[in-house]
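Coordinates for the following, if possible.
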Amino acid sequence: MNNTIYFVTGNDHKFREAQALVPNLERIEIDLPEEQSLDPQLVIAKKLEVARGLREGPLIVEDTSLYLNGLNGFPGPLIKWMLHAVGNQGIYDLCQKLGQRQAVARTVIGYYDGTEVHFFEGEIEGQIVAPNGNEGFGWDEIFQPDGLNESFAEMGDNFKPEFSMRTRAFRALKDYLTGDGK
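Just a heads-up that it's a prediction; the model follows:
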């Protein structure tokens with residue numbers, strides 16, 4: 001696991017969380033177009049296809065989705081756009097009106113090893129709560145993992161990785177890279 005793997009992300013939080021598990025990551029920022037699809041593997045595969053044309057070597061792209069049970073899993077990978085349109089308060093209000101606050105947060109990692117793409121997933125079940133907390137990013141302030149009393153944004157970067165779907169996905173990648181997985 002000594003060879004450098006390039007993680008394509010502009011997000012400091014995501015990079016720190018990933019590098020804690022896979023120390024040989026190097027962050028590169030490439031503005032990749034995002035395929036609009038409900039299939040996160042398709043979104044990632046398209047991003048990797050573009051990144052491979054711009055950078056040689058092993059690459060990682062990840063996508064984190066939020067699946068709302070009250071909307072049959074929507075918005076999934078389209079959460080970025082829903083968040084942009086209605087914000088955290090709007091998502092919370094919608095879940096309240098639906099009477100269904102259960103959700104699943106899922107991270108899918110695409111790892112291109114120089115020959116083929118491998119996918120790794122991590123997920124956590126939780127519920128949508130009123131916006132609270134000032135740590136984190138995106139929808140962290142409205143997602144509270146089941147069995148806990150704080151949103152990701154209340155936990156902060158020091159505590160969130162213990163429960164994070166991203167950490168679970170990167171553990172699966174780490175196991176694969178070290179031979180402890182597949």
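
shaky segments in this protein?
Low-confidence segments of the chain, defined by pLDDT under 70: 1-2, 157-161, 181-182.

Now do the helices in it.
All helices of the chain, identified by DSSP state H, fall at 12-19, 40-54, 79-98, 152-155, 165-178.

what would the ones you listed look like in CSV with mean neighbour count and distance to Val117?
To be clear about C-beta, it is placed using only N, CA and C from the backbone, and glycine gets the same treatment. As requested, the helices of the chain are exported to CSV (neighbours: other CB atoms under 10 Å; distance: least, CB to CB, whole Å):
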stretch, mean neighbour count, distance to Val117
helix 12-19, 17, 17
helix 40-54, 17, 6
helix 79-98, 15, 22
helix 152-155, 22, 28
helix 165-178, 20, 12
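
what about those helices, which gets the closest to Thr115?
For Thr115, the closest of the helices of the chain is helix 40-54, at 11.0 Å, according to CB to CB.

so what does that closest one touch, helix or strand wise?
strand 59-68, strand 102-112, strand 117-128 (3 or more CB pairs under 8 Å, 6 or more residues apart in numbering; DSSP states H and E).

Tell me which residues are up against that helix.
8, 30, 32-35, 37, 59, 61-63, 65, 76-77, 106, 108-110, 112, 117, 119 (CB atoms under 8 Å, 6 or more residues apart in numbering).

closest to Gly138 out of the helices of the chain?
That would be helix 79-98 among these, by CB to CB, at 6.4 Å.

list the helices and strands the closest one packs on?
By 3+ CB pairs under 8 Å, 6+ apart, helix 79-98 packs against strand 59-68, strand 117-128.

how far does it sit from the chain's center?
For helix 79-98, the separation from the chain centroid amounts to 18 Å (computed by CA atoms, centre = their mean, to the nearest Å).

Can you add distance to Asp12 and give the helices and strands packed on helix 79-98 back as CSV?
Below are those laid out as CSV (distance: least, CB to CB, whole Å):
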stretch, distance to Asp12
strand 59-68, 14
strand 117-128, 19
